[in-house]
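Q: please find the sequence and the predicted model below.
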Amino acid sequence: MIVYVGNIVSGHGKTATTIETLGKLLQKEGFDIRLTSNKQNKVLRLLDMLWTVFKHRKQLDYVLIDTYSTANFLYAYYVSKLCIRFKIKYISILHGGNLEKRLKNSKEKSDLIFKNAYVNVSPSLFLKTVFEKYGYTNLKHIPNNVELKEYPFKLRKKVQAKLLWVRSFAEIYNPQLAIEIVHGLKLNGVEATLCMVGPKKDTSFEKTQQLAKELEVDVKFTGKLTKQDWISLSEAYDIFINTTNFDNMPVSLIEAMALGMPIVSTSVGGIPYLINHEEDGLLVKPNNVVEMIFHIKKMVVTPQIAQKLSENGRKKAETFNWEVVKEQWKDLLV
């Protein structure tokens, strides 16, 4: 039996997390997995996680722990301590482009979690490199995955500045930059449209709306959509923009590649490990509206660039197909 510990939050109006996707895929492969926790209150969530591990402690083969750099880092810490206490093998799954800050500022807690883990699974080569720099050796790279059959490929041979942004509205993802990009394109004589998909996480949603109003940028805000709904929506858009200031290896970029959408993204965290500049996407410095506009304009007037990125992006996404990635999880867990 396996207990998978993480934040099950889609039922609270937020974007589904790794535990909700990977956990269910592993269940389909025949693994006996209990998922915890969906409690909205954070204290109750932690208690539910600890109780679930404790309750099944005698039957457990492994505990999987989604590990983030935010306050949720404490979930991983306390669950790890419980696993150590009862000699249960646990696997930390590393998320969040800012985990290095934890390695620096929470060394004692980090050492307890990561040095005692059976293995630390890093979905990105970027985080694997960061952890190696800090002296951790029990690391394994298993990439994030998509079920490729769910993502119909549309080759973008000639594109317009029809921009799609898919992310939670949070300051670290810098959603206001998307508004500045559209405003700048229009000042440069390029007709542009923007659709922003994702739930509200902090006040950046209101700030983005206010900026759009001030700059007179027409934006479609959809709120949170199901995966199927935003995939259908993507048919009407040509270019995927990613404006984040911190990141690890966002699944949304892999999904955009799978759909054949050329990507223009900030070059932060693990993104340069995912996207090869001018091969399967375009990378710019963070918070650089001028570079974003330059690459979008160039793609619009040079169709062969968009087509190359569309084709190569799909090829890259195929390497993250669950049918490929699941074998690595089976090798680890069986």
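A: Yep, it's here.
Q: what about the strands in the stretch 151-300 of the chain?
A: For the stretch 151-300 of the chain, the strands defined by DSSP state E, counting those that start in this stretch cover 161-166, 192-197, 219-223, 239-242, 263-266, 282-284.
Q: save these as a markdown table, and put in mean neighbour count too.
A: For every residue, glycine as well, the C-beta is placed using N, CA and C. Converted to a markdown table, the strands of the stretch 151-300 of the chain look like this (neighbours: other CB atoms under 10 Å):
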| stretch | mean neighbour count |
| --- | --- |
| strand 161-166 | 23 |
| strand 192-197 | 21 |
| strand 219-223 | 15 |
| strand 239-242 | 26 |
| strand 263-266 | 25 |
| strand 282-284 | 22 |
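Q: nearest to Y134, of the ones you listed?
A: strand 263-266 (24.3 Å; CB to CB).
Q: show me where the protein has its helices.
A: 18-28, 42-55, 73-85, 99-105, 107-115, 125-133, 176-187, 204-214, 227-234, 251-258, 271-274, 289-301, 303-318, 322-333 (DSSP state H).
Q: would you mind finding the most buried of the ones you listed?
A: Of all the helices of the chain, helix 251-258 carries the top mean neighbour count, a mean of 24, counting by mean count of other CB atoms under 10 Å.
Q: between strand 192-197 and it, find me the angle.
A: Between helix 251-258 and strand 192-197, the angle comes out at 130 degrees (axes from the mean of the first three to the mean of the last three CA atoms, to 10 degrees).
Q: just how off-centre is helix 251-258 within its chain?
A: Its chain's average C-alpha position is 9 Å from that of helix 251-258, according to CA atoms, centre = their mean, to the nearest Å.
Q: for it, packing partners?
A: The contact analysis (3 or more CB pairs under 8 Å, 6 or more residues apart in numbering; DSSP states H and E) places helix 251-258 against strand 161-166, strand 239-242, strand 263-266, helix 271-274, helix 303-318.
Q: what about it, average pLDDT?
A: Helix 251-258 shows a mean pLDDT of 96.
Q: shouldn't G184 be in contact with N288?
A: No. Checked against CB atoms under 8 Å, the pair G184 and N288 is beyond contact range at 10.9 Å.
Q: what's the spacing between the spatially most central residue of the chain and T67?
A: Centre of the chain computed as the mean C-alpha position; nearest residue by CA atoms, centre = their mean is P250, 2.7 Å away. Per CB to CB, to the nearest Å, P250 is found 17 Å from T67.
Q: now M261
A: According to CB to CB, M261 and T67 sit 30 Å apart.
Q: now swap in E291 and tell me
A: Distance check for E291 against T67: by CB to CB, it reads 33 Å.
Q: do the same with I19
A: I19 sits 11 Å away from T67, going by CB to CB.
Q: ok, A16 to T208 distance?
A: On the measure of CB to CB, A16 and T208 end up 22 Å apart.
Q: so where's the stretch 1-150 of the chain uncertain?
A: By pLDDT under 70, the stretch 1-150 of the chain has no low-scoring segment.
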